[in-house]
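> generate coordinates for the sequence data below:
(2 chains)
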Amino acid sequence: MTFVAKTAALVKKDLRTELRGRDTLPPMLVFAFVVSLLLAFTLPGSHDLSGRIGVAGAKLGDVLAGFMWVTVLFAGLIGFGRTFEVEREDGGLDALLLVPLDRSGLFAAKAVANLLFIAAIEVPLIPLFALLFGIALGTVWPLLLLVVFLVDVGFAALGTLFASLAAQTRSRELILPILALPALVPIFIAAVELTSQLFTGGDLRAISGDGWFGILVAFDVIFTVVGALTFEFAVD
Amino acid sequence: MIALDNVSVLYGRTVALDALSLALPPGIIGLFGQNGSGKSTLLRVLTGLLRPTSGTVTIDGRPVRSSDESLRARIGYAGHASGLYARLTLIENLELFAGLHDVPPARAQELLANLGLAGRARTAAGELSAGLTRRAAVARALVGDPDLLLLDEPYANLDDDAAGLVTNTIVAWHTPERTCLVATHGAKRVKPYAHAGIILQRGRLVTHGLYRREPVEAT
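Next up, the predicted model:
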């Protein structure tokens, strides 16, 4: 089997395990759904996303983009926390570490599986947000998909790397957010800025000319490369 | 040839291996000793999963490092835990590891048959009894057709018939150039077919010696 085929086999293993066990996706989905509903009761039902709300006078579009990505962030961290649980049970990690596959393949497999889990949350979450808060996605949804994809790549890469570090500790559930959240800040600021522009009618020229787009792409590349190169030290 | 030179492993203040020096030629070698004597630690050091606190370990002159992909391809290891994914069936587990080791999937079927697990191929690994799980762990360690087989208590929870299947599978796998270390606290199941034995106590080598030179045949 080639590197790619072995990596794909490990992704398939993670997806199959999740489909049978349903240990990761349901808590992520429930969290995302409950937070969305709570926000629907607390935020104004205004459809003017450029309008300003609250004492600080923030734009509603910014606030909604922020809440959407905060929901994805914490739902994702729930999933990342379980990334290596399936490997820890019954010594699976030892068996996996002894297979003749470069550690970057193990990293890629875990990161892709995590990426798919996050995407599985976003598929219902984004339309739900649009529905609850009257966000007209109309023609911007392909651009929103692009932004979502770029955010997810960096999020999954970094989350997987830090989950592998946290998995070596006893209090991994506490360690993971402590490690990951500060490092994830640039990605999620970029995500909020770009999504807010799309919610308030921004187009491709507006977001690609924005510095945050470049920052997001740069962080994706950095985190993916760093994750693949340093995963070996995290798991060994 | 596996060589350990002055290998020590410390867990905090606990000495698991104490300046152990050994040269292990190919063959089936019993690794004996009471609980806490350092058998499991020694096996983990040989896999490269555990880095010794001091000393060096080499296999055919190459330092053992878990980052050495070609070395990993040669090692089959079954520790205390089974290393199987509980939600995958037995055949899915073995075919996964066969693929990762570039071995045809037929090897998985063959091992299941040899270890008396063919009828459980479609059972989830998490639903197997302790004895069946132990046999399945041996199958997983063997599925990559390794040159160095490291088995930690492979006879735990096994009745005599199942133990016989494990013994026959190990003996059938073994060829003169291959090495197998079988760690167990009870020597009676390993001595009849092992070529040599090593006894550890508190991380130190108590004694070692040959039982036989001639190859052993499966019964």
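
> wait, doesn't B:Phe108 sit right on B:Ile91?
For the record, residue B:108 is Ala, not Phe. Yes: B:Ala108 is within contact range of B:Ile91, at 6.1 Å (criterion: CB atoms under 8 Å). Glycine gets a C-beta too; all of them are placed from N, C-alpha and C.

> between these two, which is the more surrounded one?
More crowded of B:Ala108 and B:Ile91, by other CB atoms under 10 Å in any protein chain shown: B:Ala108, with 25 against 20.

> now the more buried one. Nearest residue, chain neighbours left out?
Closest residue to B:Ala108 apart from its sequence neighbours, by CB to CB, 6 or more residues apart in numbering or on different chains: B:Leu94 at 3.5 Å.

> doesn't that neighbour lie inside a helix?
Yes: applying DSSP: H, G, I helix; E, B strand; the rest coil, one finds B:Leu94 inside a helix.

> that one and chain A, how far apart?
Distance, B:Leu94 to chain A, using CB to the nearest CB, to the nearest Å: 11 Å.

> same question for B:Glu69.
Separation of B:Glu69 from chain A (CB to the nearest CB) stands at 5 Å.

> what about the residue nearest to that residue when sequence neighbours are not counted, which SS state?
The spatial neighbour of B:Glu69 that comes closest, neighbours along the chain excluded (CB to CB, 6+ apart), is A:Pro100 at 5.0 Å. Classification of A:Pro100 using three-state DSSP returns coil.

> burial of A:Pro100, as a residue count?
19.

> so it touches B:Arg72, yeah?
Yes: with contacts counted by CB under 8 Å, A:Pro100 reaches B:Arg72, the gap being 5.0 Å.

> need the contact list for the residue of chain B found nearest chain A.
Distances between chain B and chain A by CB to the nearest CB are smallest at B:Ala81, namely 2.7 Å. Going by CB atoms under 8 Å, 6 or more residues apart in numbering or on different chains, B:Ala81 touches A:Asp90, A:Gly91, A:Gly92, A:Asp94, B:Ala137.

> by neighbour count, which of those residues wins?
Among the contacts of B:Ala81, B:Ala137 has the most neighbours (other CB under 10 Å), with 29 neighbours.

> relative to A:Gly81, how far out is the residue nearest to B:Ala108?
29 Å (CB to CB, to the nearest Å).

> what about these two, which has more around it?
B:Leu94 (28 against 22).

> quick check: residues of chain B near chain A?
Proximity of chain B to chain A, by CB under 8 Å from any CB of the partner chain, involves residues B:47, B:49, B:66-67, B:69-70, B:72-73, B:75, B:77, B:79-88, B:92, B:96-97, B:99-102, B:124-126, B:140, B:144.

> could you give the average pLDDT over stretch B:166-174?
Mean pLDDT, stretch B:166-174: 94.

> within the sheet, what are the partner strands of the helix-or-strand element of chain B with minimal mean pLDDT, with directions?
Lowest mean confidence among the helices and strands of chain B (mean pLDDT, DSSP states H and E): strand B:204-210, at a mean of 84. Strands that pair with strand B:204-210, judged by DSSP bridges, come out as strand B:196-201 (antiparallel).

> can you pull out the strands in chain A?
Under the criterion DSSP state E, chain A carries strands at the ranges A:52-53, A:58-59.

> weakest of these by average pLDDT?
Among the strands of chain A, strand A:52-53 has the lowest mean pLDDT, at a mean of 63.

> run through the residues that contact the residue in chain A that chain B sits nearest to.
Residue nearest to chain B within chain A: A:Gly91 (2.7 Å; CB to the nearest CB). By CB under 8 Å, 6+ apart, the residues touching A:Gly91 are B:Gly79, B:His80, B:Ala81, B:Ser82, B:Gly83.

> which among those end up buried?
Neighbour counting by 16 or more other CB atoms under 10 Å in any protein chain shown classes B:Gly79, B:Ala81, B:Ser82, B:Gly83 among those as buried.

> redo those residues as JSON lines? Include pLDDT.
Below are the buried ones among the contacts of A:Gly91 laid out as JSON lines (pLDDT from 0 to 100):
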{"residue": "B:Gly79", "pLDDT": "91"}
{"residue": "B:Ala81", "pLDDT": "90"}
{"residue": "B:Ser82", "pLDDT": "90"}
{"residue": "B:Gly83", "pLDDT": "92"}
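
> from those, which ones fall inside helices?
Within the buried ones among the contacts of A:Gly91, no residue falls in helices by DSSP state H.

> from B:Arg44, how far out is B:Arg189?
Look at B:Arg189 and B:Arg44: by CB to CB, they are 22 Å apart.

> to clarify, my last question referred to B:Gly83.
Distance from B:Gly83 to B:Arg44, by CB to CB: 13 Å.

> understood, closing this out.
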